[in-house]
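*Asks:* got a predicted structure plus its sequence, pasted below:
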Amino acid sequence: MNKPSKHPSFRISTTHPYKSNTHLKPSHSIYIEPTGKRLTLKNSASDLESSVEMCSILKETKWRTDVKMSSQLFVFVISRIMKTVIQKTVQKSLSTLLGRCQSCSVIVSTRQYNDDHTKYEGNKPRVLITGSLGQLGTGLASVMRKRYGVQNVFMSDIIKAPPNVAASGPYVFADILDFKRLQELIVTHNIDWIVHFSALLSAVGENNVPLAMRVNIEGLHNVLELSKQYKLKLFVPSTIGAFGPDSPRNPTPDLCIQRPRTIYGVSKVHAELMGEYYYHRFGMDFRSLRFPGVISADTNPGGGTTDYAVHIFHDALQTGDFTSFLRRDTRLPMMYIDDCLRSVVQFMELPNNQLKQRIYNVTAMSFTPEELVAEVRKHVPRLKAKYEADSRQKIADTWPEVFDDSNARADWGWKHDYDIKGLCDIMFEKLRPVYDTESHLDASSKDGKQKLTAA
């Protein structure tokens with residue numbers, strides 16, 4: 001390729017970090033040409049082209065074709081362009097290879113994610129998880145650290161991390177309402193992805209609407225603007241609570257009337273619409289999954305309307321008495337946390353051009369409190385159950401009974417691992433040893449007190 005005569009050009013060499021079956025050779029010469037509001041990369045060895053948006057830089061530096069770039073700007077431009085080129089080249093090469101393979105290893109469960117994390121290929125992202133001490137954050141950080149490297153995943157929240165979390169990897173203080181602090185973290189740690197878990201859940205939000213508006217809406221605006229400014233990939237979870245009484249309830253598709261009746265649901269619809277707007281208006285890579293009730297043995301319930309499905313396992317092992325705050329026949333969609341975390345990682349790793357929409361439903365099962373009690377009794381036959389509906393019943397009555405996630409299954413291969421039986425099996429497998437240990441300690445303590453009294 002002849003050197004362009006009208007524009008400044010730069011020659012660089014790079015050692016390609018991937019295997020030789022990709023299109024890039026170990027060393028390449030490239031030229032940078034300013035063309036309007038884009039910088040175009042031309043690769044002389046493979047005739048490969050890639051464009052990187054540089055509008056913000058052009059605006060700040062007022063760069064023209066007759067003005068030289070500073071060395072700092074040049075390094076930034078080169079790093080951004082090479083990152084984009086290598087990613088696109090690897091994607092193209094992998095597509096070719098997959099087409100030739102008769103059998104390929106595809107990760108289909110969270111257990112495989114944990115076992116196969118070294119098989120992840122590509123530039124490993126640097127991830128910031130907001131609100132990471134909630135139900136999903138700690139588990140997702142663990143999965144992502146095994147996959148992308150411990151030092152590449154930053155947990156954040158506004159409270160002191162428990163010792164086990166503090167020892168597990170990077171943890172930083174981040175108030176989602178503090179724009180400058182978030183900006184500092186993104187720049188200092190060279191963040192590529194934000195997973196935005198900071199939110200007040202349904203029942204908690206109804207008890208403090210002003211705070212829910214600040215955290216769920218103002219906090220969202222901060223991460224949207226920062227993701228646009230720094231060209232980050234942004235994941236914001238949504239929920240069954242984003243639907244309302246006017247939505248079809250059985251099944252509930254991806255696209256339908258929503259109009260929720262809680263501040264939590266309203267804030268999630270706002271997040272969906274704002275995220276899609278930023279995608280269409282600014283090209284920001286926004287992604288969202290609507291989750292059902294998520295059930296976990298590792299963290300305490302966070303004040304949601306589906307929390308009864310977590311309480312029941314603890315109550316069954318601790319006292320044998322369970323009181324549901326929903327009616328026995330209230331059907332809601334649910335999923336086990338491992339399925340939930342796997343859906344996030346799988347969704348975030350998808351090439352942008354493979355997504356037909358920015359927001360998908362995902363689910364695994366639907367059941368009522370009565371059906372869950374029947375399944376739990378297979379493990380704890382002595383369980384006694386009562387049904388005393390409280391204010392959360394009104395919320396549940398407006399939510400989907402069955403989630404339609406057929407688009408996620410068709411577009412990017414979503415598939416759950418756990419049904420209601422598998423859910424109960426894994427929950428008791430995890431929780432029974434905890435309560436057996438506590439019972440043993442209690443018994444030992446009582447024996448000790450009796451001996452002291454006798455003495």
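*Replies:* Alright, I've got the coordinates.
*Asks:* low-confidence ranges, this structure, go.
*Replies:* Counting by pLDDT under 70, the chain contains low-confidence ranges at 1-119, 438-455.
*Asks:* try it again with 80
*Replies:* 1-122, 299-303, 437-455 (pLDDT under 80).
*Asks:* tell me the domain ranges of it?
*Replies:* Listed domain ranges for the chain are 1-104, 110-436 (source: automatic domain parsing).
*Asks:* return the most buried member of those.
*Replies:* Greatest average neighbour count among these goes to domain 110-436 (a mean of 19), per mean count of other CB atoms under 10 Å. From N, CA and C alone the C-beta is placed, and that goes for glycine too.
*Asks:* so Phe154 sits in a strand?
*Replies:* Yes. According to DSSP: H, G, I helix; E, B strand; the rest coil, Phe154 belongs to a strand.
*Asks:* so who does it touch?
*Replies:* Counting by CB atoms under 8 Å, 6 or more residues apart in numbering, Phe154 makes contact with 126-129, 169-172, 185, 189, 191.
*Asks:* let's see it at 7 Å
*Replies:* Phe154 sits next to 127-129, 170, 172, 189 when contact means CB atoms under 7 Å, 6 or more residues apart in numbering.
*Asks:* Pro301 too?
*Replies:* 307, 310-311.
*Asks:* coming back round to it: let's have the contacts of Phe154 in JSON lines, adding distance to His196.
*Replies:* Output for those, formatted as JSON lines (distance: CB to CB, whole Å):
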{"residue": "Val127", "distance to His196": "11"}
{"residue": "Leu128", "distance to His196": "9"}
{"residue": "Ile129", "distance to His196": "8"}
{"residue": "Pro170", "distance to His196": "17"}
{"residue": "Val172", "distance to His196": "15"}
{"residue": "His189", "distance to His196": "16"}
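*Asks:* pick the one among those residues closest to Ile257.
*Replies:* Of all these, Ile257 sits closest to Ile129, with 31.9 Å by CB to CB.
*Asks:* next up, phi/psi of that closest one, please.
*Replies:* Backbone torsions for Ile129, taken as degrees, to the nearest 10, come to phi -110, psi 120.
*Asks:* surely it meets Thr138?
*Replies:* No. The pair Ile129 / Thr138 is not scored as a contact, 9.0 Å apart, by CB atoms under 7 Å.
*Asks:* which ones among the contacts of Phe154 lie within helices?
*Replies:* Using DSSP state H, no member of these falls within helices.
*Asks:* which of these sits closest to Val362?
*Replies:* Nearest to Val362 among the contacts of Phe154, with distances taken as CB to CB, is Ile129, at 18.6 Å.
*Asks:* where does the nearest residue to the closest one once chain neighbours are set aside fall, secondary structure wise?
*Replies:* Sequence neighbours aside, Val195 is the residue nearest to Ile129 in space, at 4.6 Å (criterion: CB to CB, 6 or more residues apart in numbering). Per DSSP states H and E: Val195 is located in strand 193-196.
*Asks:* after that strand comes which helix or strand?
*Replies:* Defined by DSSP H and E, the subsequent element after strand 193-196 is helix 202-207.
*Asks:* show me what contacts the closest residue to Thr363 other than its chain neighbours?
*Replies:* If you skip the residues right next to it in sequence, Thr363 has Phe403 as its closest partner in space, 3.8 Å away by CB to CB, 6+ apart. Under the criterion of CB under 7 Å, 6+ apart, the neighbours of Phe403 are 240, 251-252, 292, 333, 361, 363.
*Asks:* for the residue nearest to Asp157 when sequence neighbours are not counted, what are phi and psi?
*Replies:* The shortest distance from Asp157 to any non-neighbouring residue, by CB to CB, 6+ apart, is to Leu133 (4.4 Å). Dihedral pair for Leu133: phi -90, psi 10, per degrees, to the nearest 10.
*Asks:* how about Leu133, what does it touch?
*Replies:* 157, 159, 161.
*Asks:* try it again at 10 Å.
*Replies:* Neighbouring residues of Leu133 by CB atoms under 10 Å, 6 or more residues apart in numbering: 141, 155-162, 165, 171, 197, 299, 302.
*Asks:* equivalent analysis for Leu341, please.
*Replies:* Contacts of Leu341 by CB under 10 Å, 6+ apart are 110, 113, 136, 139-144, 294, 296.
*Asks:* quick check: which element contains it?
*Replies:* Per DSSP H and E: helix 337-349 holds Leu341.
*Asks:* related to what we said a few turns ago, narrow the contacts of Phe154 to those in strands?
*Replies:* 127-129, 172 (DSSP state E).
*Asks:* as TSV, these with distance to Val204 would be great.
*Replies:* As requested, those are exported to TSV (distance: CB to CB, whole Å):
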residue	distance to Val204
Val127	26
Leu128	23
Ile129	20
Val172	24
